[in-house]
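> for reference, the sequence and a predicted model appear below.
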Amino acid sequence: MKRGFDLLELHMAHGYLLASFISPLTNRRGDEYGWVDRKPHALPARGVARLPKNLPEQKPMSVRISATDWAPGGCRAKT
């Protein structure tokens, strides 16, 4: 049986692995993907950039992110 899908969603929210890269509270890395270099989105962005190359042409993709950490010193939505 062949199974298909209508949409691919990359989950970078709610404490999942990729979410930990975009928060200064959880990203304590010292390399090029760390918050220290102010490039917290570098690794997630690489993943997002590669996905469309591997998807069927007419299939949409979305990315779910947490806009705020709801904690002092964390990410927050700009209003």
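Yep, it's here. Numbers count the residues shown, from 1 in each chain.
> for stretch 46-53, give me every contacting residue.
Stretch 46-53 is touched from outside by Leu8, Leu10, Leu18, Met61, Val63, with contacts defined as CB atoms under 8 Å, 6 or more residues apart in numbering. Every C-beta, even on glycine, is put in place using the N, C-alpha and C of the backbone.
> what about the fourth one, neighbour count?
It stands for Met61. Neighbourhood size, Met61 [other CB atoms under 10 Å]: 12.
> please name the nearest non-neighbouring residue to it.
Closest residue in space to Met61, ignoring its immediate chain neighbours: Leu8 at 4.7 Å, by CB to CB, 6 or more residues apart in numbering.
> please tell me how far that neighbour sits from Gly15.
21 Å (CB to CB, to the nearest Å).
> more neighbours: these two, which one.
Higher neighbour count among Leu8 and Gly15: Leu8, with 15 against 10, using other CB under 10 Å.
> Arg46 falls within a strand, correct?
No. Looking at Arg46 with DSSP: H, G, I helix; E, B strand; the rest coil, it is helix, so not inside a strand.
> so for the residue most central in space within the chain, what's the nearest residue that isn't a sequence neighbour?
Geometric centre of the chain, nearest residue: Met12, 3.8 Å, by CA atoms, centre = their mean. Nearest non-adjacent residue to Met12, counting by CB to CB, 6+ apart: Leu18, 4.0 Å away.
> can you show me the strands along the protein?
Taking DSSP state E as the criterion, the chain contains strands spanning 8-12, 61-65.
> all set, thanks.
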